[in-house]
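>>> One predicted model, sequence on top.
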Amino acid sequence: GENVEQHPSTLSVQEGDSAVIKCTYSDSASNYFPWYKQELGKGPQLIIDIRSNVGEKKDQRIAVTLNKTAKHFSLHITETQPEDSAVYFCAASPDSNYQLIWGAGTKLIIKP
Amino acid sequence: KAGVTQTPRYLIKTRGQQVTLSCSPISGHRSVSWYQQTPGQGLQFLFEYFSETQRNKGNFPGRFSGRQFSNSRSEMNVSTLELGDSALYLCASSFEGTYNEQFFGPGTRLTVL
């Protein structure tokens, strides 16, 4: 079955700098890769997703890149702000079994 | 429109007891998924229901069960509680399933003493 590894587990960056979180997956059949952000006391919220027919997707300060050959995908946040502080989860899914496999999460800390 | 609601928000039980958690999805959503979240373990998939049918199940023992009603509301039940069942239980709804955006509720924090 699918396995998703996420690194780093904690990331501390200076406000205004960029942050990059990386995930690798094992199942080459996976073709949907969402990223979720979880703030304290709340459930996760989708921030961006990518499907296997594209290599990169951007939404303002957030971008996701996908390398299907190497089986890894990354979340890039530019010009980080205090409100970006949260736990970020990546996930992967082959659309055949209706299940998302999640990474262990990255705690992002934005230092003022 | 109203978001996903989960009740209760907090629950304290003792070992051996059973518990039922409830989830009301966003109106019009037919898929409800349940997750267990523990520190350092991320989100572990429990099961997904779509139109009252369980479509997929994670690797949890049979003590964990669920169901979905005709109005898409879902319940999960844990019998014979163990200390290791202490966790945040999250419910997520979506229109078609996990291949689309999932909307999460705030979770139910279960503590087993």
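Good, I have the coordinates. Bear in mind that the values here come from a model prediction, so they are computed numbers and not experimental data.
>>> So the closest residue to chain A within chain B versus B:S72, what's the distance?
At 2.8 Å from chain A, B:F104 is the closest residue in chain B, using Cβ to the nearest Cβ. In short, each C-beta sits where N, CA and C put it, glycine included. The spacing between B:F104 and B:S72, counted by Cβ to Cβ, to the nearest Å, is 15 Å.
>>> cool, A:G103 as well?
Separation of A:G103 from B:S72 (Cβ to Cβ): 28 Å.
>>> Comparing the two, which shows the higher neighbour count?
Set A:G103 next to B:S72 and count neighbours by other Cβ atoms under 10 Å in any protein chain shown: A:G103 wins out with 25 against 21.
>>> nearest spatial neighbour of the more buried one, skipping sequence neighbours?
Excluding the flanking residues, the one nearest A:G103 by Cβ to Cβ, 6 or more residues apart in numbering or on different chains is A:Q6, at 3.0 Å.
>>> what's the answer for A:E56, then?
A:T65 (4.9 Å).
>>> what do you get for A:A29?
Nearest non-adjacent residue to A:A29, counting by Cβ to Cβ, 6+ apart: A:P94, 4.1 Å away.
>>> what's the answer for B:S79, then?
The shortest distance from B:S79 to any non-neighbouring residue, by Cβ to Cβ, 6+ apart, is to B:Q18 (4.3 Å).
>>> Write out the residues of chain A neighbouring chain B.
Within chain A, the positions near chain B by Cβ under 8 Å from any Cβ of the partner chain are A:6, A:32, A:34, A:41-46, A:49, A:89, A:93, A:95, A:97-105.
>>> Report the contact partners of the closest residue to B:S72 other than its chain neighbours.
Leaving aside its chain neighbours, B:S72 sits nearest to B:P25 (5.1 Å; criterion: Cβ to Cβ, 6+ apart). Contact analysis of B:P25 by Cβ atoms under 8 Å, 6 or more residues apart in numbering or on different chains lists B:V4, B:S31, B:V32, B:S72, B:R73, B:S74, B:C91, B:S93, B:F103.
>>> redo that, cut-off 10 Å
By Cβ atoms under 10 Å, 6 or more residues apart in numbering or on different chains, the contact list for B:P25 reads B:2-5, B:31-33, B:49, B:68, B:71-74, B:91-95, B:103, B:105.
>>> Touching, A:L100 and A:S93? I think so.
Yes - here A:L100 reaches A:S93: they are 4.8 Å apart, a contact under Cβ atoms under 10 Å.
>>> Pull up the overlap in contacts between the two.
Shared contacts of A:L100 and A:S93 (Cβ under 10 Å, 6+ apart): A:E2, A:V4, A:S30, A:Y32, A:F33, A:P34, B:G97, B:T98, B:Y99.
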